[in-house]
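>>> sequence first, predicted model second:
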Amino acid sequence: TIGLHFDENSRGTISDSFIYAMSGDGVLTRDGANVTIERNWIFVNAGVGVSTVGRTANTTLVSNIISDNGGPGVFAGQTPCALLPPGFVEVPECYLRNLADYVGSANVILDTNIIQASGSTGVVLFPGTRGTFRNNRIWRNELSGVFVWGASMSSEGDQYDGNEEHAIELRAFPDPLKYPEIPSGLRVRAVGTINNNEIRGTVVLPQTGTLGGGVLAQGANVTVTNSRIYGNRGIGVSYVNTSTGRIENNRIFDNRGSGICLYLAGSVITSGNTLTGNADDRVGVGRETTP
């Protein structure tokens, strides 16, 4: 059972409502639907809190509390053929049979929401989708706060606190080093701009007992600026597997892995950062302190 369902270029606004205890998703928008979701409680649904599926769908979320849902708090993308195993970069075989089938174009705007205590990731952006984040609190989710897979995101003034695995993970679709045989024309790199964020308190992934970092870029083009990244169980900021971009004017401190890790990365500019109290304050190949 779905709480509310918008489909086929429909338009609508959901406001000042309680959407809870559905056996499926709380809100589902599909295929060109243009929906505004504002000032609602969306909680304890068995599926996704708010799911935006298919091509060209637009979903705007403002001042909602999205809490304790069984799946991700927010999902945007083509319907997946399989879930991605947490903590690994391998792509399930069904995606590799036709990568283009899983590249969508959904657009999600999140402004001043609380997304918390999801049984999965706080926000998932699948290949081809776009997310614009402003002044949200994304915390205590049971996987990463935000997972950006072959998608693009901008995050301004957001707070990430106490998530598992990573606060923000940006990953190419598929990983360029794991799957070198795939032509470049079928790859989609993740893209991210992260500015003026607070990223703290990430814990290890229980399934593996590892990770727990702040920002992880794998095959992505990412800019991280003017942010406070601290108290995470693992590495503060990691750029790996051909990732490129800038890490500038951040305070990165008291992380239990390296402050900034660059491993098999492309061109990355680091300047103006303050690194103190990390397991390793040198910029370079990362020191990971989880097993």
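Now that the structure is in, tell me what you want to look at. Being a predicted model, the structure only gives us computed values, none of them experimental.

>>> how distant is stretch 199-214 from the center of its chain?
14 Å (CA atoms, centre = their mean, to the nearest Å).

>>> from residue 170, how far off is the closest residue to residue 206 other than its chain neighbours?
On the basis of CB to CB, 6 or more residues apart in numbering, the spatially nearest residue to residue 206 that is not a chain neighbour turns out to be residue 164, at 6.9 Å. All C-beta spots, glycine's among them, are computed from the backbone N, C-alpha and C. Shown here: residue 164 relative to residue 170, a distance of 17 Å by CB to CB, to the nearest Å.

>>> neighbours around residue 109, how many?
The local packing count at residue 109 equals 15, with neighbours defined by other CB atoms under 10 Å.

>>> how about it, secondary structure?
The three-state label given to residue 109 by DSSP: H, G, I helix; E, B strand; the rest coil is strand.

>>> for the residue nearest to residue 206, list each beta-bridge partner.
Note on residue 164: beta-bridge partners by DSSP bridges are residue 203.

>>> buried residues, stretch 239-250. List them.
Along stretch 239-250, these residues count as buried under the neighbour rule (16 or more other CB atoms under 10 Å): 239, 240, 241, 242, 243, 244, 245, 246, 247, 248, 250.

>>> oh, I was asking about stretch 41-48
Neighbour-count burial for stretch 41-48 flags 41, 42, 43, 44, 45, 47, 48 (criterion: 16+ other CB under 10 Å).

>>> closest one to residue 271 out of those, please.
Top of the list for closeness to residue 271, among the buried residues of stretch 41-48 and by CB to CB, is residue 48 at 39.2 Å.

>>> and the closest one, what does it touch?
25, 26, 28, 69, 71, 72, 73, 74, 75 (CB atoms under 8 Å, 6 or more residues apart in numbering).

>>> for residue 254, same thing?
230, 231, 276, 277, 278.

>>> also residue 112?
Residue 112 makes contact with 62, 63, 134, 135, 136, according to CB under 8 Å, 6+ apart.

>>> thinking again about what came up before, show me the buried residues of stretch 41-48 that map onto strands.
In strands, judged by DSSP state E, the following of the buried residues of stretch 41-48 are found: 41, 42, 43.

>>> how about the residues you listed in JSON lines, adding pLDDT?
Written out in JSON lines, the entries for these read as follows (pLDDT from 0 to 100):
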{"residue": "41", "pLDDT": "98"}
{"residue": "42", "pLDDT": "98"}
{"residue": "43", "pLDDT": "98"}
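
>>> can you put the residues you listed in a markdown table and add distance to residue 124?
Supplementary listing: those in a markdown table, determined by distance: CB to CB, whole Å:
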| residue | distance to residue 124 |
| --- | --- |
| 41 | 21 |
| 42 | 15 |
| 43 | 18 |
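
>>> just those residues now: which is nearest residue 102?
Distances from residue 102 to these, taken by CB to CB, are shortest for residue 42, at 25.5 Å.

>>> from residue 19, how far out is the closest one?
Relative to residue 19, residue 42 is positioned 5 Å away (criterion: CB to CB).

>>> list residues touching both of these two?
Residues touching both residue 42 and residue 19 (CB under 8 Å, 6+ apart): 3, 26, 27.

>>> which of those tops the neighbour count?
residue 26 (31 neighbours).

>>> quick one: contacts for it?
So, once contact is read as CB under 8 Å, 6+ apart, residue 26 ends up touching 2-4, 19-20, 42-43, 45, 47-50, 66, 69.

>>> picking up where we left off before, give me the subset of the contacts of residue 48 lying in strands.
Assignment to strands by DSSP E places the following of those there: 28, 74, 75.

>>> TSV for the residues you listed, including pLDDT?
Rendered in TSV, the data for those read as follows (pLDDT from 0 to 100):
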residue	pLDDT
28	96
74	98
75	97
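
>>> any of the residues you listed buried? List them.
With burial judged by 16+ other CB under 10 Å, the buried subset of the ones in strands among the contacts of residue 48 is 28, 74, 75.

>>> let me know the closest of those residues to residue 109.
Proximity of those to residue 109, judged by CB to CB, is greatest for residue 74, which lies at 10.7 Å.

>>> cool, thanks, talk later.
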